[in-house]
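Asks: With the sequence up front, the predicted model follows.
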Amino acid sequence: MRLSLAIAALALSLSCATHASDGTSSFRYGPMTTWGEGYKDEVARDGFWKIQGRTRGFGRAQAIDVGIYRAAELAKAAGHRYVEIHDAVERHDRLSGRTDVTLFARPIDAPVHPSTCRSGKPNRCYTADVELVFVRLSGENMQQPGVAAPSYVAEYGRTVIESGFGIGAVGGRRR
């Protein structure tokens with residue numbers, strides 16, 4: 001009994017320690033862990049990459065950003081400058097603070113809007129510039145993969161952070 005309580009307390013302390021109290025995330029980008037955050041990818045039957053991203057807590061790391069960043073990494077590793085992002089679906093669990101995303105992606109060599117969206121809905125896909133994704137989703141100091149960087153300062157002096165579906169969009173439609 002004491003051992004199970006100790007394990008539960010350790011798990012709770014580890015999950016709480018991963019997020020700073022100032023609203024920024026100390027998110028660790030990498031393969032999805034058993035307990036929580038990161039990404040997981042595989043090749044789907046239709047040849048697209050199926051990418052899952054997960055974040056916990058309410059910091060600046062967003063699951064959609066993790067998935068898009070991973071898609072850009074895979075495209076760059078395959079020698080491509082652009083990546084098509086398709087059918088991103090995000091789910092949030094308010095009780096646990098966990099957010100999951102599933103998206104599909106594939107590399108492409110030209111900055112054009114996808115000719116056919118995987119779901120058949122043109123507003124559910126777009127083409128992103130891999131390098132632009134890296135700039136926009138590498139944190140304030142370019143050292144935090146999967147974390148949105150500040151985009152601009154609004155007229156009232158507040159920093160605006162743009163992230164999510166549409167980041168890095170090139171060649172036509174966006175969102």
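Replies: Done, it's in.

Asks: Okay, helices next: where are they in this protein?
Replies: Taking DSSP state H as the criterion, the chain carries its helices at 2-17, 63-77, 130-136.

Asks: I'd like the distance between R94 and T102.
Replies: Distance, R94 to T102, using CB to CB, to the nearest Å: 19 Å. Where you see a C-beta, it was placed from the backbone N, CA and C, and this is true even at glycine.

Asks: For those two, work out which one has more neighbours and name it.
Replies: Set R94 next to T102 and count neighbours by other CB atoms under 10 Å: T102 wins out with 16 against 7.

Asks: Can you tell me how far that one is from A77?
Replies: 20 Å.

Asks: Looking at strand pairing, list the partners for V43.
Replies: W49 (DSSP bridges).

Asks: correct me, but it touches I51?
Replies: No - if you go by CB atoms under 8 Å, V43 and I51 don't touch, sitting 10.5 Å apart.

Asks: Look at those two and report which has more neighbours.
Replies: Each of V43 and I51 has its neighbours counted (other CB under 10 Å); I51 has more, 25 against 11.

Asks: who's in contact with the more buried one?
Replies: Shown in contact with I51 (CB atoms under 8 Å, 6 or more residues apart in numbering): Y39, K40, D41, G67, R70, A71, L74, T102, L103, F104, A105.

Asks: Repeat the analysis, applying 7 Å as the threshold.
Replies: Y39, D41, G67, R70, A71, L103, A105 (CB atoms under 7 Å, 6 or more residues apart in numbering).

Asks: swap in P150?
Replies: E140, T159, I161.

Asks: nearest residue to it other than its sequence neighbours?
Replies: T159 (4.7 Å; CB to CB, 6 or more residues apart in numbering).

Asks: The one you found - how many residues pack around it?
Replies: A count of neighbours around T159, defined by other CB under 10 Å, yields 10.

Asks: cool, Y126 as well?
Replies: 25.

Asks: Excluding covalently adjacent residues, which one is nearest to it?
Replies: A169 (4.9 Å).

Asks: ditto for S96
Replies: Nearest to S96 is R56, by CB to CB, 6+ apart, at 7.2 Å.
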